[in-house]
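Trainee: Quick one, fold the following:
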Amino acid sequence: MRRAVCPGSYDPATNGHLDIIERASFLFDEVVVAVGVNKSKKGLFGVEERLEMLREITANLPNVRVDSWQGLLVDYCRENDIAAVAKGLRSVSDFDYELQMAQMNRELTGLETLLMANNPVYGFVSSSLVKEVAALGGDVERLVPPVVFERLRKVFPHQG
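Mentor: Residues are numbered from 1 along each chain as shown. Have a look, this model is predicted:
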């Protein structure tokens with residue numbers, strides 16, 4: 001079975017994330033959307049809430065499952081028989097960072113990385129930017145899946 005992981009913080013998940021997950025689901029037998037747990041970071045949404053939202057937005061993808069991990073991604077992949085990482089690239093700076101990570105992961109355990117060019121429609125979308133715009137009252141409804149937008153409206157009531 002060809003299995004890949006789409007790792008991230010997903011705080012919150014965006015339409016750009018969903019695009020990469022959907023595209024990876026066509027390439028692999030199983031895709032694990034894995035939320036990284038970093039106890040030293042306070043996210044907008046808790047890990048369990050992010051997992052819930054991801055399960056809802058990927059429910060129509062039968063070969064996608066949602067999980068979380070802590071520590072090194074290569075260890076998580078080894079423990080779960082995952083041979084590849086699927087990541088999206090928005091810019092040259094993403095490429096520089098992701099290439100280093102891909103090379104390190106390959107050196108550590110042989111884990112392969114598939115770097116996918118983003119859909120240009122989502123080239124400017126990031127979780128950080130979505131949170132910032134939402135906090136300042138900007139409309140982010142077109143940038144995130146509906147379930148995420150509803151949760152953002154609870155945090156930032158002046159949305160929509």
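Trainee: Ends of stretch 133-151, what's the gap?
Mentor: Taking C-alpha to C-alpha, to the nearest Å, stretch 133-151 runs 15 Å from one end to the other.
Trainee: Now do the buried residues in it.
Mentor: By 16 or more other C-beta atoms under 10 Å, the buried positions in stretch 133-151 come out as Val133, Ala134, Val140, Leu143, Val144, Pro145, Val147, Val148, Phe149, Arg151. Glycine gets a C-beta too; all of them are placed from N, C-alpha and C.
Trainee: Against Cys6, how distant is Arg90?
Mentor: 15 Å (C-beta to C-beta, to the nearest Å).
Trainee: Next, give phi and psi for Ser9.
Mentor: Phi and psi for Ser9, reported as degrees, to the nearest 10, are phi -90, psi -30.
Trainee: hang on, it packs against Phe45?
Mentor: No - the pair Ser9 and Phe45 does not pass the contact test of C-beta atoms under 8 Å, sitting 9.6 Å apart.
Trainee: So for the two, which sits in the more crowded spot?
Mentor: Phe45 (22 against 19; other C-beta atoms under 10 Å).
Trainee: Looks to me like the more buried one is in a strand.
Mentor: No - according to DSSP: H, G, I helix; E, B strand; the rest coil, Phe45 belongs to no strand; its state is coil.
Trainee: Verify the contact between it and Asp11 for me.
Mentor: Yes - using C-beta under 8 Å, Phe45 is in contact with Asp11, at 5.7 Å.
Trainee: How about Phe28, nearest residue that isn't a chain neighbour?
Mentor: Ala4 (4.4 Å; C-beta to C-beta, 6 or more residues apart in numbering).
Trainee: Might you list the low-confidence residue ranges for the chain?
Mentor: Low-confidence segments of the chain (pLDDT under 70): 159-160.
Trainee: So which residues make contact with the helix ranked longest in the chain?
Mentor: In the chain, with assignment by DSSP state H, the single longest helix is helix 92-109. Helix 92-109 is contacted from outside by 72-74, 77-78, 85, 87-89, 111-113, 115, using C-beta atoms under 8 Å, 6 or more residues apart in numbering.
Trainee: Kindly recompute the last result at 10 Å.
Mentor: If you take C-beta atoms under 10 Å, 6 or more residues apart in numbering as the criterion, helix 92-109 is touched by 7, 72-75, 77-78, 83-85, 87-89, 91, 111-115, 117-118, 123, 126.
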